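Need a 3D model of the following:
(chains A and B)
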Amino acid sequence: MKLYKYIFLIFLGATVACDDLLEIEPEGEIIADEALQNPQDMQDLLNSAYDALRGEGGDFLGGRIQSISEVMGDNIDGSLNNLNNADFRSFYDKTTSFFTGYTQNMFDEPYFVIYRANVLLENLDVLEAGSDNARRIEGEAKFLRAICHFELIRLFAQPYGFTQDNSHLGVVLRTEASAESRDRNTVAEVYTQIVQDLEDAVGLLPQSNGVYADTWAARAYLAKVHFHRHDFRQAFDLADDVLTQGPYQFNTSADEYTERFSEAGSRESIFFMISTGVNDHRGTQFSTHFRSDAEDPPTLRIAPAFHAIATSNPNDLRASWYTIENEGLGSQAISITKFDSIDFFNLPLMHVTELKFIRAEAGAELGGAAELAVAVQDLNDIRGRAGLAELSGTIAAAVLLDNVREEKRLELVAEGQRFHDLRRRGANGENNLLIRGSAWDCPGMSVQFPDSEIAGAGGVEVFTPNPEGGC
Amino acid sequence: MKKNLRVLILIGSLFPAALLAQKTVTGKVTDAADGMPLPGVNILVKGTSTGSVTDFDGNFAINVTDDAVLVFSFVGFQSQEISVGTQSIINIQLGQDITQLGEIVVVGYGVQSKREVTGSISKVGGEELQSIAVPSFEAALQGKAAGVQVIQGSGTAGAGSMIRVRGIASLSAGGDPLYVVDGIPITQDYFINDNRGAFNNNPLATINPNDIESVEILKDASAAAIYGSRGANGVILITTKRGKTGKPTFNFSTRVGITQAAREVDLLNSEEWLQLRQEAWENDGNVGLAELPGLLTWEEARANDTDWIDLTTQTGIRHEYNLSMTQGNDKLTSYVGVSYSDNESFLVGNSYERISGRVNLDYNILDNLKASLNTSLSQGINNRVSGAWDGGLGAAMSDALVIYPVRNDDGSYFTGGNNPVRRQDLLDWRTRENRSLSTLTFTYTPIDRLQLNVSGSLDYMDIQDEQFEPAELTNNESVARRFPTWVTNYTLNATAAYDFNIQEDHNFKVLVGAEYQRSLTESWDRIEAFGVDGPLRDDPFIPDRFQSIDGGEDSVQVDNPVYTTAPDQIWTFMSYFSRVNYNYKDKIFLKGSARVDGSSRFGSNNRYGFFPSLGAGYVITEEDWFPSSDVVNFLKIKASWGITGNADIPNYQRWGTFQRREGNDGNPYNQEPIIFPVRLENPDLQWEVQRTYDFGFELGLFDDRITTEFAYFDKNSTDVLIDRLVQVSTGFERFFENVAEINNRGIEISLRTRNLVGDFKWNTEINASRLDNEVIDIGATPPDAIAGSGDTRVVEGMPVGVNFLNRFSHVDPDNGLPVFLDIDGNETYEFNLEDRVPVGSVVPDWTGGITNTFSYKNFDLSVLFTFTIGGNIYDDSGKRQLGVVSDWNMRSEIKDRWRQPGDIAKFPRLTTDSRTYGGLPSFWNLNTTQFLYDATFARLRNLTLGYNLPAEMVDRLKLRSARVFFNGTNLLTFTEFPGADPEIVRDHEGRQGRNLSPNVTYLTAPQERAFSIGLNIGF
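Here you go, the predicted structure:
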């Protein structure tokens, strides 16, 4: 029976090593249930939501979404020798599909921010109810959720006003941390939530909040959202509120042109992403796609037609923003120097100049004498800084409107504004507006959702993609 | 750790309880033919049921009285009887009984004679692996074993192969077989270095083929189920050489050779490319000269005709030296092997240098207690180059245009477009792997026929992937990067084996055992330093594994470190197993095994899996009633059933987690800490389960002049793990679930014939296997939710990795536009991604190999052809090399294109605007059946001509043996595939791509053609 004794001992030995050996919790990770224990955890999670705004390698607001908006607009050179990049080419041609790689990388990042914001909002009980801290964190979470939904809906749906009641499809609205697959919400629903979130944020956020969003940032964004909803009254009033009551000043000096994208940052920045070093560059894809001082011309170059406009007035200080290589040859390349000579900079996402443009255009749209006066002043401030003559205070509203729009195009080139302004105007009654020859509302103007959204939801039975092409 | 210690102590406490024996006779049984030890020899005291069995090294020990007569018997050998008398050591040699199939095979946790085997096991001897020049030993298995598809990765130095045992049964979990070296399931992660440089790490590259005694491939469940949860994709057992009894003998071998690309794609020259560009430009309605990429004028472009393939490839030099020693006496036998090789590939700057040493010792501490130590230490230095999408030859085949110069007029590198030479010259990239595999085993025989084994193993891997880009390359500051990984993988196991028989004819072997394995992977995502003078390996201040760079007590100062940490990866397996073999009169064999596996990867709901198997074999020719004839001398039928599993998924998938970063770790926002969600929880995650049936027979004809084996198998996998997309707006991208069901069935045939015997010998070995693979169920998952590289998908009713493509019909002769088929099969000019359909298959119908060996006097010649019949290759680069005219060079097939109305052409009118082709959204989307090719090919894989120096000359040189040989690899390829090479494993981003897209190429480097001459000396 010795045999059995040995077998018994072996088994005894083996079975002592029980289940504990198999219960391995991840090291260097935190189990989800234990992640949010105290206010610091909440703060750290909030910080990660800001972190994701840039996106991996700049894939979201770190330059990707702005670059795509520029390419879809009319500022970028689409000639063969320039736009070799296939993904940008799809955006340029308005032929994005669910395979377009740049969309895939860009689309997930805002939803990471939104998920983090939702987790924060669902765990506010970790914070002392009603405390400044609790109000601030709730406000920042709602602010971030709002601006992400806003960036998404402007690119992936037809603009506000495309249908009378905005019942056309927008993007999936996520207001809770849930893994549930869903179809898109209507544009009306998404904008309602954006406005609600920003209004809440305005009330919750403090007057100043370091490098993070404060109540003024929420107001400025709310102005921009209302502007895109063609609600010029609210846009004007909110912009006016920030510009007159807020702590941010218009920089009258042309130094602003170099300060806007600088290490120290612009004094005009109402909301910005801070870069702490070359390895932490929050505007990294602006540098990648636009910088003209590398050995070779950049990926994204300026359309000759726009360049002609931008340099038509030699007095305009901004006319010196451009360089040309191989001028006149088939291989001509025009680059913008806005992002040159600097390896990292703070990236303003909302600044005084943009807000002045919003106030000016909203004012011109409203057309009241008081609003017009403010609008003319705004425009003249900006023109004056660029070395241009002031416009007369008695200018007609329609002429003023054209001037504001042209100035905005010249001033904010390469910042990702133009395409959205064109679509907004199309949806606001300029039915025949064309963007590089294509109707403002042709289907391809809305970027197609990536397959991670469509197939991930369970395919077209669950999720309604955008119609493609037709531009 | 405490628990582990307790196990060790308990197991250790067994040893002092030794039994006292009457008289112990020890000895060794060897093969009379070659002096090799014979494991598994039955030793019986005549007239009793007392007996013993030799161990792996042929050693035995048995307790007897002086008057005993020992009967040594072993399948395939003639039995011998020896009277013990006063002897205490009996070393005997057994002569082969050539009328039986006498091969010994290694099985999990033991060895068996081939006759006893009820499952499907293929064995490949070490010498077969050593004769062929390949980047890594496993590639030499190609064409050697039925049912084992081996696709060599490419000719890149150190490249791994893709081995599929009886098809692909996993989707997102690893589909590679389990590799076990001397009993240790080794670390086999192909993605330790991600996909940097378009090259997946090869975990087998540091293994020295010259140390390998044999490789056994366990194919069916009956054989593999002893590895339970990890056997579903087959098991490859690698056994290293051991010492042989006798005075020290030495073997020295060396080979030198050259390597070239086996094939090359035919690209356009500068004038042809410019002509195409102009034609496309004019077709698009433009006038004048076409715009050119790279800021070049036409004059400049015309002046260049750069052959980038020529500049990125070379004739590589390879050389290799091996020295080994074996000796043995009563106490100690040893094998010591050292090896050095430096193999350049045909890619400029690419080489794999390996230095390795192995010591395998067996020491008889007591008559009934033996210690065995296996230990190897190796270092592989891979001088890396970019490939495929990352540059190098890949760039030469794509966007390094013939019109680009290498250098500008001023001597600086041209940078207006892709210039692979610049990167090749300036980038310093090296992956250094240190690896040690060690096992210590105690074998204790307390009483007759009971053998207790306790062993502990350590597999330690240290991989440092390092790049240095000087300022000239970055156009900014220089940057040095390191990607460090350390894997510590240890295994403890204990087994007990007992043999007994009842009424002489009923022989039983019982094995029980337990095994615990734990693996820890430590790594950093990256460490970077800017503005430094050279790679980090040259900087003494760079932290090593045990130091930190975050300002802790033992931290190290680096000028400007940027780093991102990665969480430690730990997994454990706890297993209990048992096997019973029954043998009735050497004619009926039954086997049953069972294993219980627990894995840390699964939650407590589904942590343990039960993996049983049954097998039966019946040697009909052993029956008296079987007519004795000259025709059939051996016939065995066998059948098996079993359940195996697969758990090869990333760790921690069952946990929902967050991760924290702070300090310099990954630059969190505003230098403040962040925590962020990583993944969703899935407590229900569980094993993939595979049920296998296997039927087969082994047949020997004409006195074994012809031997053949046949097997039919049916493997059904359920709860197959998929890492499916989740709707990304949820905030997550992927999620592991047990969803799919996959079936693989097929047949395997192998045939060995001795065509000519006598002075001129001619043997032929043929093996072939046919596979049918089908996805039975994929749940509600749409095709695009589980995708492989190059548009492969998983679709119900289709094989795994079916291509999912738009169908190209023809070119309209009237207007030169491509005509596609819509989803209903109607012709259309419109290109619509909704019209993609599952088509083709990356899984071939038949694969196999034919080896002919000839010998005459001192000459021998071996010729191996391998073949693949059926299946498809999808050339994912075709859409650019033969599609819209862009900034890629194109293949010469484009000459057959539409130019004017009436042209019947293969390719449509040229255009630079993708929208010309039916509104094609982007030239990246032109994934059509036009680039789906028949994968059929045959290849003269290996040719070896050897000459053994005559005995007199060998004697005069005071040697034991001497042999010179010539070897050629991939000498001829027969294929209709127009791309670089019909044998492909492209680079993959992860397990899923590897499973779904074995036969997809994307600028993948071709195989190498290698020639070498060598010398083997024994002294």
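
Going by C-alpha atoms from here, please, whenever you check contacts or count neighbours.
OK.

quick one, strands of the stretch 401-550 of chain B?
Taking DSSP state E, counting those that start in this stretch as the test, the strands found in the stretch 401-550 of chain B are B:428-444, B:450-469, B:479-502, B:506-530.

which one of these lies closest to chain A?
strand B:506-530 (5.9 Å; C-alpha to the nearest C-alpha).

before we move on, the earlier item: make CSV out of the strands of the stretch 401-550 of chain B and add mean pLDDT, distance to chain A and mean neighbour count.
Below are those laid out as CSV (pLDDT from 0 to 100; distance: least, C-alpha to the nearest C-alpha, whole Å; neighbours: other C-alpha atoms under 10 Å in any protein chain shown):
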stretch, mean pLDDT, distance to chain A, mean neighbour count
strand B:428-444, 95, 11, 21
strand B:450-469, 95, 7, 22
strand B:479-502, 93, 7, 21
strand B:506-530, 92, 6, 20
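
what does the stretch 501-650 of chain B have sitting close to chain A?
Proximity of the stretch 501-650 of chain B to chain A, by C-alpha under 8 Å from any C-alpha of the partner chain, involves residues B:512-515, B:562, B:566-574, B:576, B:598-600.

Can you give me the domain assignment for the chain?
In the absence of a named chain, chain A is used. Using automatic domain parsing, the domain parsing of chain A gives A:38-75+A:84-213+A:449-463, A:301-338.

hmm, I had chain B in mind actually
Split into domains by automatic domain parsing, chain B comes to B:2-97, B:121-185+B:191-201+B:203-253, B:386-421.

And the longest one, how far out from the chain middle?
To tie it back to what came earlier, the one meant is domain B:121-185+B:191-201+B:203-253. Averaging C-alpha positions (C-alpha atoms, centre = their mean, to the nearest Å) puts domain B:121-185+B:191-201+B:203-253 5 Å from its chain's average.

Any residue of that domain touching chain A?
No - counting by C-alpha under 8 Å from any C-alpha, chain A has no neighbours in domain B:121-185+B:191-201+B:203-253; the shortest distance is 14.5 Å.

which among the residues of the stretch 501-650 of chain B next to chain A end up buried?
By neighbour count, with 16 or more other C-alpha atoms under 10 Å in any protein chain shown, those hold B:512-515, B:562, B:566-574, B:576, B:598-600 as buried.

among those, which are in strands?
Cross-referencing those against strands under DSSP state E gives B:512-515, B:562, B:569-574, B:576, B:598-599.

rewinding a little: any chance of the strands of the stretch 401-550 of chain B in TSV, plus distance to B:Arg166?
What follows is these, written out as TSV (distance: least, C-alpha to C-alpha, whole Å):
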stretch	distance to B:Arg166
strand B:428-444	28
strand B:450-469	28
strand B:479-502	28
strand B:506-530	27
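
right, and those - which one's nearest B:Pro293?
With respect to B:Pro293, and counting by C-alpha to C-alpha, the nearest of the strands of the stretch 401-550 of chain B is strand B:450-469 at 25.7 Å.

Just checking: what are the partner strands of that closest one?
Strand pairing for strand B:450-469, determined by DSSP bridges: strand B:428-444 (antiparallel), strand B:479-502 (antiparallel).

Helix or strand: which one has the closest residue to chain B within the stretch 101-250 of chain A?
Minimum separation of the stretch 101-250 of chain A from chain B (C-alpha to the nearest C-alpha) falls at A:Phe112, amounting to 4.7 Å. Following DSSP states H and E, the helix or strand that holds A:Phe112 is helix A:101-122.

what do you get for B:Ala616?
In this assignment (DSSP H and E), B:Ala616 forms part of strand B:608-619.

A:Tyr257 too?
Here A:Tyr257 sits within helix A:256-259, counting by DSSP H and E.

any idea of the mean pLDDT in stretch A:199-218?
Stretch A:199-218 carries an average pLDDT of 97.

I'd assumed B:Gln727 was in contact with the residue of the stretch 101-250 of chain A closest to chain B.
No - at 12.0 Å, A:Phe112 and B:Gln727 do not qualify as touching, with contact defined as C-alpha atoms under 8 Å.

Show the pLDDT at the residue of the stretch 101-250 of chain A closest to chain B.
97.

Pull the number of nearby residues for it.
By other C-alpha atoms under 10 Å in any protein chain shown, 26 other residues sit near A:Phe112.

and if you look at B:Glu737?
By the criterion of other C-alpha under 10 Å, B:Glu737 has 19 neighbours.

swap in B:Pro470?
Quick note: B:Pro470 (other C-alpha under 10 Å) scores 22 neighbours.

I'd like the distance between it and B:Phe530.
Using C-alpha to C-alpha, to the nearest Å, we find B:Pro470 at a distance of 10 Å from B:Phe530.

Need the overlap of contacts for the two.
B:477-479 (C-alpha atoms under 8 Å, 6 or more residues apart in numbering or on different chains).

ok, and the closest non-adjacent residue to A:Ser67?
Spatial nearest neighbour of A:Ser67, excluding adjacent residues (C-alpha to C-alpha, 6 or more residues apart in numbering or on different chains): A:Gly416 at 6.1 Å.
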